[in-house]
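J.: got a predicted structure plus its sequence, pasted below:
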Amino acid sequence: MAKHGKKYTAAAAKVDIDKTYSAREALALAKETSITKFDSTVEVHMRTTLDSRQADQQLRDVVVLPHGLGKTVRVLVFAQGEGAAAARAAGADLVADDDETMKKIEGGMLDFDVAIATPDAMGKVGRLGRVLGPRGLMPNPKAGTVVSASDMERAIKEAKAGRVEFRLDKTNNIHVSIGKASFELNKLIENYAALMDAVNKARPSGAKGNFVKRITVTTTMGPGMKMDPNEHMEGAE
């Protein structure tokens with residue numbers, strides 16, 4: 001087992017591993033125990049009672065965090081004609097409307113954070129699945145990243161403002177970033193509350209009871225704090 005450095009050990013000493021913290025306590029502690037020289041990302045990890053193999057227990061949706069993620073989001077758009085023009089007008093960082101750009105992406109040029117596509121471009125995008133899929137960059141209607149030309153401006157604005165996709169992984173966990181350690185505490189709390197509200201609303205039909213059974217918050221390379229999973233899930237049926 002890898003030995004932790006002095007900074008991590010000192011930070012971890014501030015965390016009571018047997019305690020379940022409120023959102024305010026945990027997020028305040030996450031800020032306090034951030035140990036990187038750069039501005040750490042605050043990450044929320046949820047363990048659920050769902051089974052990703054069951055069709056009625058899938059969970060995938062998006063949330064627009066009220067205070068964003070604290071980073072510049074680079075948006076690439078796959079589109080042709082009217083869709084490509086709308087993407088450029090709306091401030092897309094890169095528009096893939098030619099074979100040359102598609103070949104670059106196929107070769108591993110992934111200098112973007114979010115990929116959006118128009119429906120008519122999905123035929124070509126499908127061929128990039130092995131490149132985009134593993135990195136979570138594949139446009140998907142459920143995630144709000146396959147849109148018409150008329151909806152392009154809204155999609156790009158939301159992506160740049162802090163729209164975050166969350167989904168159940170193969171181990172039935174959900175991992176989501178909710179901001180930076182430098183954020184004011186109340187902004188982190190509001191982002192977290194927005195995320196939990198969205199997770200609650202995206203509740204699959206096959207979920208039983210409060211389907212989020214454990215939540216941990218951490219910062220990049222920092223220690224984790226256990227949070228009360230029911231604090232923001234009171235509306236769960």
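T.: Cool, got the structure.

J.: in the longest helix seen in the chain, which residues are buried?
T.: Counting residues, the longest helix found in the chain (DSSP state H) is helix 185-201. By 16 or more other C-beta atoms under 10 Å, the buried positions in helix 185-201 come out as 187-196, 198-200. Where you see a C-beta, it was placed from the backbone N, CA and C, and this is true even at glycine.

J.: so which elements touch that helix?
T.: Here helix 185-201 touches helix 23-32, strand 41-48, strand 60-64, strand 163-167, strand 173-180, going by 3 or more C-beta pairs under 8 Å, 6 or more residues apart in numbering; DSSP states H and E.

J.: buried sites along the helix or strand that comes right after that helix?
T.: Per DSSP states H and E, the first helix or strand lying C-terminal to helix 185-201 is strand 212-219. Under the neighbour-count criterion of 16+ other C-beta under 10 Å, strand 212-219 has 212, 215-219 buried.

J.: got the contact list for the next helix or strand after strand 212-219?
T.: Using DSSP H and E, the helix or strand that follows strand 212-219 in sequence is strand 225-227. Under the criterion C-beta atoms under 8 Å, 6 or more residues apart in numbering, residues 15, 17, 19-23, 25-26, 29-30, 214-218 lie in contact with strand 225-227.

J.: quick one: which two of the residues you listed are the most distant?
T.: For the contacts of strand 225-227, the farthest-apart pair by C-beta to C-beta is Ile17 and Ala23; their separation is 17.9 Å.

J.: please say which of those two ends up with more neighbours.
T.: Comparing Ile17 with Ala23 by neighbour count (other C-beta atoms under 10 Å), the higher total belongs to Ala23, at 19 against 9.

J.: ok, that one - contacts?
T.: Ala23 is in contact with 189, 192-193, 227-228, 231-232, counting by C-beta under 8 Å, 6+ apart.

J.: now with 7 Å, please.
T.: Remark: with contacts taken as C-beta atoms under 7 Å, 6 or more residues apart in numbering, Ala23 is in contact with 189, 192, 227, 231-232.

J.: and what of Ser177?
T.: Contact analysis of Ser177 by C-beta under 7 Å, 6+ apart lists 41-43, 69, 164.

J.: dump the helix or strand in which Ala10 is found to PDB, keeping only the CA atoms.
T.: Under DSSP H and E, the secondary-structure element containing Ala10 is helix 6-12. Taking C-alpha atoms only, helix 6-12 is exported to PDB below (Å, rounded to 0.1, in the frame of the first residue of the first chain):
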ATOM      1  CA  LYS A   6       3.000  14.600   5.200                       C
ATOM      2  CA  LYS A   7       0.400  17.000   3.700                       C
ATOM      3  CA  TYR A   8      -2.100  14.200   3.100                       C
ATOM      4  CA  THR A   9      -1.500  12.700   6.600                       C
ATOM      5  CA  ALA A  10      -2.000  16.100   8.300                       C
ATOM      6  CA  ALA A  11      -5.200  16.700   6.200                       C
ATOM      7  CA  ALA A  12      -6.600  13.200   6.900                       C
END
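
J.: tell me where this structure is predicted with low confidence.
T.: Within the chain, the stretches with pLDDT under 70 are 1-3, 233-237.

J.: domains of it?
T.: Listed by automatic domain parsing, the domain ranges of the chain are 6-69+163-227, 75-161.

J.: so which of the helices and strands packed on helix 185-201 gets nearest Ala10?
T.: Nearest to Ala10 among the helices and strands packed on helix 185-201 is helix 23-32 (10.9 Å), distances taken as C-beta to C-beta.
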